[in-house]
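give me a 3D structure for the following:
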Amino acid sequence: MLTLALGVGAIVAGTVAYKTFHSGAITDGSSGSSPYVQLAKYSPNTDPGAEADFEHAAAKSAPAVVHIRTLVKGKEISMPDLGQDNPFKDFFGDGFPKMNPGTMPPQRASGSGVLISPDGYIVTNNHVVDGSTELTVTLNDKVNYKAKIIGKDASSDLAVIKIDGHNLPFLTFANSDNVKLGQWVLAIGYPLNLGTTVTSGIVSAKSRNIGINSRGSSSPIESFIQTDAAVNPGNSGGALVDLNGNVIGINSAIASPTGSYAGYSYAIPSNLVAKVANDIIKYGSNKRAYLGVMYPNDEMSDEDRQKNNIKEGDGVFVMDVAKGSAAEEADIQKGDFITKVNGETLNNGTELLEKISDRRPGDKIEITFTHNGQTKTADVKLKGDSGTYASVKDQVIDQLGASFQPLDKDKAESMNISSGVIVKSLGQGILSEQTRIREGFVITHVNDTKVSTVDDLKQALKNAGNSAVISGVYPENPKVVYQYALNDLNGNQ
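Next up, the predicted model:
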């Protein structure tokens, strides 16, 4: 089974987090200047066709890639009151011994990061530092520093941390728009708790959406650079550099059947990294811009495209336009095709997302789109929110390919549950394609949200973003709770 794994590192009291890829189970702006914006400058002299001099790139880059070790305090353990539903009573009666609450042991993990300023700003992955109570950064010369988190952005899986230093080695960003398929790259980091490690490969794909950021954000940003440079747990947050030693991406994930490298790794493109990092340093958070359109998932099947009345054509099909959005003000309508942003041709929704995500609210862009076969161009002023989709809840639930009805109150009482929504019938859709759910299943929760009506289910799925876990029971055995993972729910930008 192919899994997508975040390369967090060697975890002493746990395991590396996984997410099943296309499966039914989870295994695991404003203008202004900043002194650091100039440090994250683009380097126009990047030559993807240069002779493969790995030594120069490695020597230049390795000193600025750091080892990050984290400590997460153990969580309090509390035993739930199972009441009359306690399954152990069937075996032990009321004499079943009570289990005392306690505390899980602290968890230690490690990852990588990249120095982007001489005074100690470091960019890394959000999943490397999220939840940590202590951060230790070790430089290439083995000097240790305590670090603090400056800011995090779960939607892009990026974070900025800071150490106190002076005249530190640092790297600059190349323009990731100029990255070419087949271009030589180096991945630099600290995999498997080893010292500085350099691996080489080529860019094998661009604008990949692998669905891994949706578990941390309801509006994930994914447009990864895919390479065959070997990346393993612990490489997360490290640098993907060109042959000039400039950063073209931050390594984040791998596609693997085991959780270790098996041929494909994924890096966040440097244009997005530079924008998010500079926003965090200047504002404390990512100042994200939205266009306000809904578009189909790039991996949507032909059958689902027909079901959702998605037409064939060049560009990105607009499934819906949010009320009050930048797109609505530009007169972009449902059924249009967005073909270009600032004159650059678009092939899919992931490319559109990438073009918008490295902008800030208030920025103006030129959108080229076709309406009823006619090409139009509009100057669009991006906003800080996507607006409101009138039909988004129905569109999300339609993808499930099932009909639903609320659980009768008397039936709920007989099952000893408070409420739920019954899967009345199953057809073609996400439920049948990604899970083994059966008709009659009673959905009680979407993630941690309780559902009692079909509208509750719609809203919970909308809030969940691109992925969700539904929990519930079957009437014939209501004491056993089943969970099903749903992936590739439609996103928007």
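
all helices for the stretch 351-493 of the chain, in order.
Secondary structure of the stretch 351-493 of the chain by DSSP state H, counting those that start in this stretch: the helices cover 392-398, 409-414, 430-434, 454-464.

identify each buried residue in the last one, please.
Counting neighbours by 16 or more other CB atoms under 10 Å, one finds that the buried residues in helix 454-464 are 454, 456, 457, 458, 459, 460, 461, 462, 464. For every residue, glycine as well, the C-beta is placed using N, CA and C.

so which of these comes closest to residue 400?
For the buried residues of helix 454-464, the closest approach to residue 400 (CB to CB) belongs to residue 461, at 7.9 Å.

isn't that closest one right next to residue 468, touching?
Yes - with contacts counted by CB atoms under 8 Å, residue 461 reaches residue 468, the gap being 6.0 Å.

neighbours of residue 432, how many?
The number of residues packed near residue 432 is 14, by other CB atoms under 10 Å.

quick one: it and residue 343, what's the gap?
Separation of residue 432 from residue 343 (CB to CB, to the nearest Å): 42 Å.

okay, now the closest residue to residue 325 other than its chain neighbours: neighbour count?
In this structure, residue 325 finds its nearest non-sequential neighbour in residue 292, 2.3 Å apart by CB to CB, 6 or more residues apart in numbering. Using other CB under 10 Å, residue 292 has 27 other residues around it.

what is residue 403 paired to in the beta sheet?
Using DSSP bridges, the beta-bridge partners of residue 403 come out as residue 425.

so it sits right up against residue 429, yeah?
No - with contact defined as CB under 8 Å, residue 403 does not reach residue 429; the gap is 10.6 Å.

give the contact list for residue 357.
Counting by CB atoms under 8 Å, 6 or more residues apart in numbering, residue 357 touches 156, 221, 223, 272, 275, 288, 289, 493.

and the helix or strand that the fifth one is a member of, which residues are buried?
Using DSSP states H and E, the secondary-structure element containing residue 275 is helix 270-283. Of the residues in helix 270-283, 270-282 count as buried by neighbour count, 16+ other CB under 10 Å.

what's the answer for stretch 420-430, then?
Within stretch 420-430, the residues that count as buried by 16+ other CB under 10 Å are 420, 421, 422, 423, 426, 429, 430.

nearest to residue 192, of those residues?
Residue 192 lies nearest to residue 430 out of the buried residues of stretch 420-430, by CB to CB, at 35.6 Å.

do I have it right that the closest one meets residue 400?
Yes - using CB under 8 Å, residue 430 makes contact with residue 400 at a distance of 5.2 Å.

what do these two both touch?
Common contacts of residue 430 and residue 400 (CB under 8 Å, 6+ apart): residue 486.

separation between residue 243 and residue 300?
Separation of residue 243 from residue 300 (CB to CB) stands at 37 Å.

oh, I was asking about residue 190
Residue 190 is 38 Å from residue 300, by CB to CB.

low pLDDT regions in the protein?
Under the criterion pLDDT under 70, the flagged ranges of the chain are 1-51, 74-104, 390-398, 488-493.

tell me which residue is most central in it.
By CA atoms, centre = their mean, the chain has its centre lying nearest to residue 213, at 1.2 Å.

for that residue, which non-adjacent residue is spatially closest?
Leaving aside its sequence neighbours, residue 213 sits nearest to residue 220 (CB to CB, 6+ apart; 3.6 Å).

go ahead and confirm that neighbour touches residue 252.
No - Residue 220 is beyond contact range of residue 252, at 11.9 Å (criterion: CB under 8 Å).

have a look at these two and say which one is more surrounded.
Taking neighbours as other CB under 10 Å, residue 220 and residue 252 compare with residue 252 leading, 32 against 21.

name the element that one belongs to?
Counting by DSSP H and E, residue 252 is part of strand 247-256.

circling back to that earlier point, how about the buried residues of helix 270-283, which pair is most distant?
Taking CB to CB as the measure, the buried residues of helix 270-283 have their most distant pair in 270 and 282, spaced 17.9 Å apart.

can you give me the neighbour number for residue 193?
Using other CB under 10 Å, residue 193 is surrounded by 15 other residues.

compare residue 190 and residue 300 and say which one has the larger neighbour count.
More crowded of residue 190 and residue 300, by other CB under 10 Å: residue 190, with 28 against 17.

grab the nearest non-local neighbour of that one.
residue 67 (4.2 Å).

in the stretch 101-250 of the chain, which spans are strands?
Assigned strands in the stretch 101-250 of the chain, in chain order: 102-103, 107-115, 121-125, 134-138, 144-146, 148-153, 158-162, 184-189, 197-208, 224-227, 239-241, 247-256 (criterion: DSSP state E, counting those that start in this stretch).
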